[in-house]
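> With the input below, show me the fold.
(2 chains)
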There are 2 protein chains.
Amino acid sequence: SGSGSGWARAVRGLLLDVSGVLYDSGADGGVPIAGSAEAVRRIKAAGLKLQLCTNETQATRENFVRKLRAMGFDISVAEVTAPAPAACRLLKERGLRPHLLVHDGLIPEFAEIDKTNPNCVVLGDAAENFTYANLNEAFRFLIGMEKPVLISLGKGRYYKETDGLKLDVGAYMKALEYACDIQAEVVGKPAKRFFESALAELGVPPEQAVMIGDDIVSDVGGAQQCGMRALQVRTGKYRPSDENHPEVKPDAYVNNLAEAVDIILQQL
Amino acid sequence: SGSGSGWARAVRGLLLDVSGVLYDSGADGGVPIAGSAEAVRRIKAAGLKLQLCTNETQATRENFVRKLRAMGFDISVAEVTAPAPAACRLLKERGLRPHLLVHDGLIPEFAEIDKTNPNCVVLGDAAENFTYANLNEAFRFLIGMEKPVLISLGKGRYYKETDGLKLDVGAYMKALEYACDIQAEVVGKPAKRFFESALAELGVPPEQAVMIGDDIVSDVGGAQQCGMRALQVRTGKYRPSDENHPEVKPDAYVNNLAEAVDIILQQL
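I've put the predicted structure just below:
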């Protein structure tokens, strides 16, 4: 990778971003990135722990895993850390009853949550559900609260689909923040608490774990703030200008997941 | 008004906000505020200059004036300073060709502007036109520009209609700003340049003009930054908490436009 392999020592577990690392988003759900399915198998065969750490909020984990398995990835539901289950834990802890502005595909994740008489709003990447009426409705719930609570499942700016770029949940979060003069609570990457949950599920301390992602801020910056090493892959949303990022410097760049796994396994 | 009338000396012209000062928004366009139509007549009969200074962007000035006249206000199109004509001047000056994300009712204001091959986005209170598809389209125009230019017709947070609160243009401006990592250029109150245009059309220097509005920040704060006196009326979106605003202090509070005109005319 051109930056040596000292970063690859004493690794016992890997956190992997999914979109842009395992597959590229596209028509009918996506296309696997060459070598990634094999890399997942090699990680497991070598006895390393593995956990997917994703901001995916358009589907339940069950459906998300079904899609990954259909693309050839040996992944189970327990190996996925995603924002919706983390949000459900937070809602229960604090006795919050959400009004949901999320994708239809995500709604089953909140099946066991009391949603009567809402005292907070949970915002996900609602996609086609981001209508003028739905945004006004979410806004009215918030502005009607004595102390508005907005929980946002991620804060991405935009993402790419086959039919073009789409505004991500972060843009709508900013609209509601401004209208209500509040700050949202972000569940998902790059929130420290979210990485800590993923590490707990991985079962490995931060100094023995490596995060691998395509997003220089959410994946690399977020993981490093938790004391983990972090690599940026040159796949997915990676752009050469990321290598001059003013604030975040990965422990290494790798061309893709397969190359990262090659280097890590050589150091075992 | 409880704060003396020293502020009312040597007035030669008035800038008036419209919604919340002349009328309250409501079903079928609005309801005049008691005494306001008579107050406009008395201003003119006394020989004072008058200019409306509004962030209205859901209708052309022609249709806006038609609505005001139907409510009994003696107002002509030349007496209205609004964001869309100001934006058209700016577009022409800078050779900008806009992609418009505005209310259908505003589109005729841009009839003479070249809109081919857009090199900027103009954002107004598009209301029902704030669809997921239209927001993504505006975003793609911006992110595709070498240096994205977003011109926003105001930056209001929200407003009230008979069927409830609605997100205003400022919320959508923030969404696009965040997604593109840019700052919008705001045309309309509280932009200094917009007040300067209104003063030029009023034909009175700032020290001889008084702004009267219901918005403590956009109307009062904006006008004061141009060296004008500014009053807040206790109608429209006024709330008692405005009187403790941390940054803006009006030259006086008045119960309504009629009371302001009473005091000003007594000092002539």
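> tell me the secondary structure for A:Glu201?
helix (DSSP: H, G, I helix; E, B strand; the rest coil).
> list the contacts for it?
Listed by Cβ atoms under 8 Å, 6 or more residues apart in numbering or on different chains, the contact partners of A:Glu201 are A:Gln51, A:Ala78, A:Thr81. From N, CA and C alone the C-beta is placed, and that goes for glycine too.
> Export those residues as JSON lines, with columns for pLDDT and distance to chain B.
Below are those laid out as JSON lines (pLDDT from 0 to 100; distance: Cβ to the nearest Cβ, whole Å):
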{"residue": "A:Gln51", "pLDDT": "98", "distance to chain B": "29"}
{"residue": "A:Ala78", "pLDDT": "97", "distance to chain B": "33"}
{"residue": "A:Thr81", "pLDDT": "97", "distance to chain B": "25"}
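> Where strands are concerned, which of those residues count?
With strands defined by DSSP state E, the entries of the contacts of A:Glu201 inside them are A:Gln51, A:Thr81.
> Now, of the contacts of A:Glu201, which are buried?
By neighbour count, with 16 or more other Cβ atoms under 10 Å in any protein chain shown, the contacts of A:Glu201 hold A:Gln51, A:Thr81 as buried.
> And the contacts of A:Glu201, which is closest to A:Asp262?
Of all these, A:Asp262 sits closest to A:Gln51, with 20.2 Å by Cβ to Cβ.
> how deep is the closest residue to that closest one other than its chain neighbours tucked in, by neighbour count?
Among residues not flanking A:Gln51 along the chain, A:Leu202 sits closest, at 4.2 Å (Cβ to Cβ, 6 or more residues apart in numbering or on different chains). Using other Cβ atoms under 10 Å in any protein chain shown, A:Leu202 has 23 other residues around it.
> for A:Gln266, same thing?
Residues near A:Gln266, counting by other Cβ under 10 Å: 9.
> Please apply the same query to A:Lys160.
Residues near A:Lys160, counting by other Cβ under 10 Å, number 15.
> ok, which stretches of the stretch 1-150 of chain A are strands?
Counting by DSSP state E, counting those that start in this stretch, residue ranges of the strands within the stretch 1-150 of chain A are A:13-16, A:23-24, A:31-32, A:49-53, A:80-81, A:98-101, A:120-123, A:150-153.
> Output those in CSV; the columns should cover distance to B:Val248.
What follows is the strands of the stretch 1-150 of chain A, written out as CSV (distance: least, Cβ to Cβ, whole Å):
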stretch, distance to B:Val248
strand A:13-16, 48
strand A:23-24, 50
strand A:31-32, 55
strand A:49-53, 45
strand A:80-81, 46
strand A:98-101, 33
strand A:120-123, 29
strand A:150-153, 26
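> quick one: A:Leu199 and A:Gln208 touch, right?
No: using Cβ atoms under 8 Å, A:Leu199 is not in contact with A:Gln208, being 9.7 Å away.
> neighbour count winner among the two?
Set A:Leu199 next to A:Gln208 and count neighbours by other Cβ under 10 Å: A:Leu199 wins out with 25 against 17.
> show me where pLDDT drops low in chain A?
A:1-3, A:26-28 (pLDDT under 70).
> Good, wrapping up.
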